[in-house]
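build the 3D model from these lines:
(chains A and B, ligands or ions: 1)
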Amino acid sequence: MSQAAVVARTSSEGAGGFAADTARSRVVLEQEYRLMTSTFPLHLAVALDGAGWHPAAWREPHSRPSELFSASYWTDLVTTAERGLLDFVTIEDSLSVPTAHPFGPVDNSVDQVRARLDAHLVAARLAPVTRNIGLVPTVTTTHTEPFHVSKAVATLDYTSRGRAGWQVKVSASALESGQFGRRSIPELSEQDRESIVAGVLPDFVRDLFDESAEAADIVRRLWDSWEDDAEIRDVAQRRFIDRDKVHTIDFEGKYLSVRGPSITPRPPQGQPVVTALAHQRVAYELAARAADLVFVTPPGAEQVAPIIGEVNAAQERVGRRGEALRVYADVVVFLDADGESGQDRLDRLDALSGNEYRSDAYIFAGSVSALADLLIAWQEKGIDGFRLRPGVAVDDLDAISGRLVPELQNRGVFRTEYPQENLRGVLGLPTDVPNRYAAGTPAA
Amino acid sequence: MSSQQRKQVILGAYLGGVNHHTAWWDPQAGSQIEFDSFEHTARTAERGKFDFFFLAEGLALRERAGQVFDQDIIGRPDTFTVLASLAAVTEHLGLAGTINATFNEPYELARQFATLDQLSGGRAAWNVVTSFDAFTGQNFRRGGYLDSSQRYERAEETLALVRELWDSWRSDDIVADKDSGRFLARPDAGEFAFHGSHFDVSGKFTVPRSPQGRPVILQAGVSPQGRDFAAGNADAIFSPYGDLPDAVEFYRDIKARAVAAGREPGEIKILPSASFVLGTSEADAIEKYRDIRNQQVTGQTALILLEQIWNRDLSAYDPEGPLPDIAPDPEAPPIIQGKAFIHQDRFATVERLRAVAESKKLTLREVVIDQFERGPIVGTAQQVAEKIDSFVQNDGSDGFIIGSHLVPTGLDEFVDEVVPLLQDRGALRADYEGTTLRDNLGLAIPAEREKASAR
Ligand SMILES: Cc1cc2nc3c(=O)[nH]c(=O)nc-3n(C[C@H](O)[C@H](O)[C@@H](O)COP(=O)(O)O)c2cc1C
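Numbering: from 1, shown residues only, chains lettered A, B, ... in the order given. Next comes the predicted model:
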């Protein structure tokens, strides 16, 4: 990823005639950037979720449904992803058992995977058995404590030696609040559900997103609450730390207040990578406020540019400064296998589950070369990278690392080895991140 | 040989951390935060056939009069994350984490420990602590604090709910039969409901029954409520009593409370923390120990340790002079914050310290060196092995949680020199026999709930 191009895409300050000029020159620069990057390495990640994203994935011959809760299963998946030199894996999670319909009522069917492990701990278990791949667990902000989340992700950054990330997730589920019991979140009405699908969030859901942005801000401030060189080990003076380099954060928000400092020193990356999945305005704004990287779900090639436009508008609206959000498109994939096309696999899986598979993301079924075409085409429309959701974890991940990646390498658009960098470096984010509390850092 | 009747010594390994014991000033001292240090200590403990690795916790940096401590180690990692990562580099070692019951929610805790148990093949343990101060509360959404009378009540309910969640799955609930398409044996797998005064919750738990059924429960805290809580609930106690007479009394008291709670005495293990110093001769070891103590307890550290008892600013006192002549001030706002205060009567403690100073003719700093240490085991390897074994055989405890002042390599010499001697005495396993922490400790896997009627 070109740093110069990134900088050119960044600024959103200013007003009046001068700003208009800046805006115009930015557009020009952006176009040049697109041209430049069309030959630049593509960014690829995968989203891991149980046996795969199709509800019948667990029934496939290679799937290992009785091992979904074992370390060896997850080790095999992440090792496969690392063999494909992917940027990172995300690990899905929620504070309730997976259900067929995210906003639907409790689902008591027995024919699908209805259990999951804590994703953060899965990532921590994987850290010592991997070397290069980023580990990005989903952690919900709604019921959890930002203090705990902050030290957990910071510690993952230590145990993975600079490869930690976090997928921020909001929980608007009455079911989940009923399991925690310390706050009550209303049951969504039929009308609420319709309006969510139409892209309009009920007020209490908007508040949860707002709270989530506060939580993420606290997490980030706590990461900065120790300066990198706070630990001095001055034996002569008998001072372990320079206490002037450890800061309370004294955060007082609309929803949350946390004093700090963190109990965990600043993590190796300074700021581990924050990500969020977003489908509409409020979520784009959350990503623009909190994240480094946003996962978006264009339903097809034509919607890629408009969605990037919406993400950019959200960044302007929230007054984002510094690095622009990296935009990764989510695509569910069913790749051709020996003797069976991706489409046939999908049809067969649909027949097993008894329903046509639907997703918030684009569903691709076909050959690796057709998928490579799609990725390159979408990248030319301005997408920074992709997060592939394997329809069947074992099979499609194998195809991604074993066939898609070599195809992309042959076309000269994907790396042939890992850069010797931390996750931020792999993503093209600055690896030297100023600490907001350090003397001399300009106010953010 | 009588090795069959011998009580087996249970060994836990702690990685020294946030206190004045840890000799960060030693040229050999390594990082307190890099994973290498944790990995080294855990691998060393596993090489020594220890039962488990143990992590303490504190959820706010220690402060004195509003300023972060700068003379000791501060800073530590997240407990769960380190333990889950250690699960990848160890095979048999139990993974015990101290986690506060006041500043965590049961649903989340139950998931985290059940996940750790899954990912480690049955090696998870939870050391339940109840520190509750308002100072720490400022780091949390729930804020504030719990009245001290309520903290064990909340802990009791937290644990009951956590067990309810762990028990909500049976080990045969996952069928995963590809042919028939049946994943779950019953639709209500994981279902739970709990109606208490602190928690009124219901729903479904996400983690299938883990290898130990219920991760092992440890407790640390010695107040009467703490003892009853442990006697009723814990599989083991992290005890502060390292001197034989106190330890024997505590041991009897806890086992009696356990029996009163309807349990077998062997169902609860008592494990004091202990540091150790090895020497080529007894005199060499004592000399080394004096030297270490002298470095650990500087004048400043001595004053701070006393301030925690007196709850007054004592900075005007000379560490090389007599103990402060004033009375403690329990009612004042705490001068030292973020440090777990182990239940004690301040006035009685001051009385005791004064008596020691008087009888042994000690300065302020010397009193602290003499009194503020929990049972170090000092001597040749032979002597240390002998002391550990006889302490356990005399019912001072069921084992020890051992740590060194030197991170991360301090445990090496214990494993190289003392462990073989304990094995020769028949007091420590030559190799691991089972696969879970419960196997290591000789604790049964809890019975599962009767099968709920299939709906
Ligand atoms: C040996 C020992 C170790 C302890 N370790 C911790 C610890 O790591 N973190 C913590 O918050 N509290 C720790 N505590 C404090 C106690 O767990 C307890 O929470 C405290 O409130 C005292 O309880 P009590 O009144 O029952 O003694 C420890 C106590 C003892 C005795």
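
name the nearest residue to A:Gly270, sequence neighbours excluded.
Counting by Cβ to Cβ, 6 or more residues apart in numbering or on different chains, A:Val433 is the residue found nearest to A:Gly270 once chain neighbours are left out, at 3.7 Å. From N, CA and C alone the C-beta is placed, and that goes for glycine too.

next, count neighbours for A:Val46.
27 (other Cβ atoms under 10 Å in any protein chain shown).

kindly report the same for B:Gly48.
The tally of other residues near B:Gly48 (other Cβ under 10 Å) stands at 22.

gap between the nearest residue to A:His247 once chain neighbours are set aside and B:Gly121?
Distance criterion Cβ to Cβ, 6+ apart; nearest residue to A:His247, sequence neighbours excluded, is A:Tyr437 at 4.3 Å. A:Tyr437 sits 42 Å away from B:Gly121 when distances are taken as Cβ to Cβ, to the nearest Å.

hang on, the residue nearest to A:His247 packs against A:Asp228?
No. Taking Cβ atoms under 8 Å as the contact criterion, A:Tyr437 and A:Asp228 are not neighbours in contact, 11.0 Å apart.

and these two? Which one has more around it.
Each of A:Tyr437 and A:Asp228 has its neighbours counted (other Cβ under 10 Å); A:Tyr437 has more, 19 against 16.

report the longest strand in the chain, please.
I went with chain A, as the question did not name one. Longest strand in chain A by number of residues (criterion: DSSP state E): strand A:326-335.

other chain: chain B
Determined from DSSP E, the single longest strand within chain B is strand B:269-278.

just after that one, pick out the following helix or strand.
Scanning forward in sequence from strand B:269-278, with DSSP states H and E defining helices and strands, the next element found is helix B:282-296.

how far does that next one sit from the chain's center?
Distance of helix B:282-296 from its chain centroid, counting by Cα atoms, centre = their mean, to the nearest Å, is 25 Å.

what does the stretch 151-300 of chain B have sitting close to the ligand?
Residues of the stretch 151-300 of chain B found near the ligand (Cβ under 6 Å from any ligand atom) are B:220-223, B:226, B:238, B:240, B:273.

for the residue found closest to A:Ala127 once you drop the neighbours it is linked to in the chain, the count of nearby residues, please.
With Cβ to Cβ, 6+ apart as the criterion, A:Ala127 has its nearest non-adjacent residue at 3.8 Å, and that residue is A:Ser160. Applying other Cβ under 10 Å, we find 30 residues neighbouring A:Ser160.

quick revisit: just confirm the residue nearest to A:Gly270 is within a helix.
No. Under DSSP: H, G, I helix; E, B strand; the rest coil, A:Val433 falls outside any helix and is assigned coil.

and it, what's its pLDDT?
Among the per-residue scores, A:Val433 shows a pLDDT of 95.

over to A:Gln420?
92.

kindly report the same for the one 5 residues further on.
Turning to A:Gly425, the model gives it a pLDDT of 96.

show me where the stretch 151-300 of chain B has its strands.
The residue ranges that make up the strands of the stretch 151-300 of chain B, judged by DSSP state E, counting those that start in this stretch, are B:174-177, B:182-184, B:191-195, B:200-204, B:216-219, B:236-239, B:269-278.

could you dump the ones you listed to JSON lines with distance to B:Leu411?
Formatted as JSON lines, the entries for these read as follows, by distance: least, Cβ to Cβ, whole Å:
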{"stretch": "strand B:174-177", "distance to B:Leu411": "39"}
{"stretch": "strand B:182-184", "distance to B:Leu411": "44"}
{"stretch": "strand B:191-195", "distance to B:Leu411": "40"}
{"stretch": "strand B:200-204", "distance to B:Leu411": "41"}
{"stretch": "strand B:216-219", "distance to B:Leu411": "19"}
{"stretch": "strand B:236-239", "distance to B:Leu411": "17"}
{"stretch": "strand B:269-278", "distance to B:Leu411": "9"}
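
give me whichever of the ones you listed is most buried.
Relative to the other members of the strands of the stretch 151-300 of chain B, strand B:236-239 carries the highest mean neighbour count by mean count of other Cβ atoms under 10 Å in any protein chain shown, namely a mean of 28.

for that one, packing partners?
On a contact count with 3 or more Cβ pairs under 8 Å, 6 or more residues apart in numbering or on different chains; DSSP states H and E, strand B:236-239 meets strand B:216-219, helix B:244-260, strand B:269-278.

avg pLDDT for it?
Averaging the model's pLDDT scores along strand B:236-239 yields 94.

got any ranges where chain B has weak pLDDT?
Low-confidence segments of chain B, defined by pLDDT under 70, span residues B:1-4, B:144, B:340-343, B:374-375, B:451-455.

next up, the contacts around the nearest residue to B:Ile10 once chain neighbours are set aside.
Distance criterion Cβ to Cβ, 6+ apart; nearest residue to B:Ile10, sequence neighbours excluded, is B:Gly399 at 2.8 Å. Taking Cβ atoms under 8 Å, 6 or more residues apart in numbering or on different chains as the contact definition, B:Gly399 lies against B:8-12, B:51, B:269, B:271, B:392.

so which of these is the most crowded?
Neighbour counts for these were taken using other Cβ under 10 Å; the highest belongs to B:Asp51, which has 32 neighbours.

got the residues of the stretch 151-300 of chain B near chain A?
With the criterion set to Cβ under 8 Å from any Cβ of the partner chain, the stretch 151-300 of chain B comes near chain A through B:169, B:174, B:176, B:178, B:181-190, B:199-208, B:298, B:300.

using PDB, write out the CA atom coordinates for the longest strand of chain A.
In PDB, the C-alpha atoms belonging to strand A:326-335 read as follows (Å, rounded to 0.1, in the frame of the first residue of the first chain):
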ATOM      1  CA  ARG A 326      -9.400   1.100   4.800                       C
ATOM      2  CA  VAL A 327     -12.400  -0.400   3.000                       C
ATOM      3  CA  TYR A 328     -12.500  -4.200   2.600                       C
ATOM      4  CA  ALA A 329     -15.400  -5.900   0.800                       C
ATOM      5  CA  ASP A 330     -16.900  -9.000   2.200                       C
ATOM      6  CA  VAL A 331     -17.700 -11.800  -0.200                       C
ATOM      7  CA  VAL A 332     -19.000 -15.200   0.600                       C
ATOM      8  CA  VAL A 333     -17.300 -17.800  -1.500                       C
ATOM      9  CA  PHE A 334     -18.100 -21.300  -2.800                       C
ATOM     10  CA  LEU A 335     -15.200 -22.300  -5.000                       C
END
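
hmm, the helix or strand that it is followed by touching chain B?
Per DSSP H and E, the first helix or strand lying C-terminal to strand A:326-335 is helix A:342-353. Yes. Contact between helix A:342-353 and chain B is present through A:Leu352 (criterion: Cβ under 8 Å from any Cβ).
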